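Chemist: Next input, structure requested:
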Amino acid sequence: MKRTFWIYSIPLLLLFAVTLPHLEQGDFRVETAHYGAVGLQAWRTPSLFWSLHEHPAVPYFNKPPLVFWIHGLLLHLFGITLAVVRIPTILAAAGCVLLTVFMTRRLMGRTTALAAGTILALSYEFFRRTREISLDMWQLFFMLAAAALWIAAAHTHRRHWVWLAGIPLGLALLCKPLMAFLLPCIFIGWYFTGRSFKFLRVRDFIGFLGVTLAIALPWHLSMAMLHGELFINQYFGHEVVQRMQGHINNKPIWYYAVENGKTYWPWMILLVCGIARWIRGSLSRHHRNALTLALIWLLTWAIAINLFPDKRPRYALPLYPMLAILGGYGLTTLPWQGLRKWYRRKLGLTAVVIMIVAFIISVLPIRFQAPPDPSLSALVDWASGQNPATVYSAALSAVDESMLYIKAGYWPAPLSSRPPSETGSLLIYTDTLVPQPALDEICIFQRGPYRVMRK
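Modeler: Alright, predicted model coming up:
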């Protein structure tokens, strides 16, 4: 029992050691600013809760609402700080680590579970996502929860666990559009390549999908009914079809191989060891089941994200738990007696060392992230003292507008909403965007690329 406690605790402590120190460094950047503003507004303005908005007059149909609701609620309750906005993502990552340990322990034993959890917690591309609002991390957490319930069903032969797996899968579909539907494909492949699920019937799989749709469909159907083609064209057309066609961001097919080759060290060595051991060694049924699941999962996701022209590092996040399982298998099958001796005798000591190291890192003046942009900070300070009714966004990015909402407390109104006869308006421009100020406008504030003109 004590050893089981440590195999869950040590990976969790390692994750906290690389995520919690200097949690307030950096700033609300890119998606964190944008998603945080949309989520915060949902709780501040109840009429904009179910149908998310970027601005009170601009609906936001790019993503489902669940992650916005989670982060927005905490910002609404506990204040606008980086710690508040990041802690939910850290908790989702912690859930991913614990679920990976749980699945690996059920399928491959405690030693491999400890190794897999450790590798996942210390995978750079995994833990660095905790410094932002990550829809992909939450989607992964719910997908792993669904997979864990399937594995629990395989071990207990209780069909209702398969049905219950539809709940987290439905929640995953409320984090990002459609991609979580790859998980049923993975389960089908796993069903036909092993014996663990032969007790299941077609009605169980139908029940699993039925529960999934019961969770995910209400919001999607309500958006289609409330907003019609406006929602359908943006949610499915722009966010799915145009991304599939590479209209938004087009990278070569070898993009993820290059990125992983740069960042997945030293775990790449253990991954190769695990694959080599699998190829040349005889496996127990449980090990074969686990490695087959990892392989099907990796192949399915790798094919999907590589065929997708729109490629970004965060889209590869679902690969890392299964890479960790393969790497953990590689580590625990090395002919190294010292590893087994450490596992039996020194787990508790390892936990103490991790906590000491994390404390030292947290108090040292180490900078992991760049400080806030001084120009944008100056603009926010200026905007905080203005009358919101007079401030317009003439040429600001959606991220900059979100920063003003988060830190100044209001959205600059769209320039299109300004009455032509209005005098004394304050128009905010960015040098790199269009339009640019007119000749009859007077500059009253300038910092870096930002200029405020009086009309």
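Chemist: so what's the backbone phi/psi at the closest residue to Glu441 other than its chain neighbours?
Modeler: Leaving aside its chain neighbours, Glu441 sits nearest to Met453 (3.8 Å; criterion: CB to CB, 6 or more residues apart in numbering). Using the backbone N, CA and C atoms, a C-beta is placed for each residue, glycine as well. Recorded main-chain torsions at Met453 are phi -110, psi 140, according to degrees, to the nearest 10.
Chemist: In terms of helix, strand or coil, where does Val452 fall?
Modeler: State at Val452, reduced to three classes by DSSP: H, G, I helix; E, B strand; the rest coil: strand.
Chemist: The residue lying closest to it once chain neighbours are set aside: what's it in contact with?
Modeler: Of all residues beyond its chain neighbours, the one nearest Val452 is Phe445 (3.9 Å), with distances taken as CB to CB, 6+ apart. Contact analysis of Phe445 by CB atoms under 8 Å, 6 or more residues apart in numbering lists 379, 382, 451-452.
Chemist: Tell me which two in those are the farthest apart.
Modeler: The most widely separated members of these, counting by CB to CB, are Trp382 and Arg451 (11.1 Å).
Chemist: Comparing the two, which residue is more hemmed in?
Modeler: Arg451 (21 against 18; other CB atoms under 10 Å).
Chemist: separation between the more buried one and Arg29?
Modeler: Distance from Arg451 to Arg29, counting by CB to CB, to the nearest Å: 22 Å.
Chemist: ditto for Ala180
Modeler: Distance of Ala180 to Arg29, given as CB to CB: 26 Å.
Chemist: Of those two, which one has the most company?
Modeler: It is Ala180, of Ala180 and Arg29, that has more neighbours when counted by other CB under 10 Å, with 24 against 18.
Chemist: Surely Trp411 and Leu404 touch.
Modeler: Yes. Trp411 is in contact with Leu404 according to CB atoms under 8 Å; the separation is 6.8 Å.
Chemist: list the contacts for Ser397?
Modeler: Going by CB under 8 Å, 6+ apart, Ser397 touches 430, 433.
Chemist: And the strands in the stretch 251-400 of the chain, which stretches?
Modeler: In the stretch 251-400 of the chain, the strands defined using DSSP state E, counting those that start in this stretch lie at 391-393.
Chemist: Show me the shaky parts of it.
Modeler: By pLDDT under 70, the weakly predicted segments of the stretch 251-400 of the chain are 282, 336-352, 359, 362-363.
Chemist: Tell me where it has helices.
Modeler: Using DSSP state H, counting those that start in this stretch, the helices of the stretch 251-400 of the chain run over 255-263, 267-280, 285-307, 320-332, 337-345, 347-363, 374-384, 398-403.
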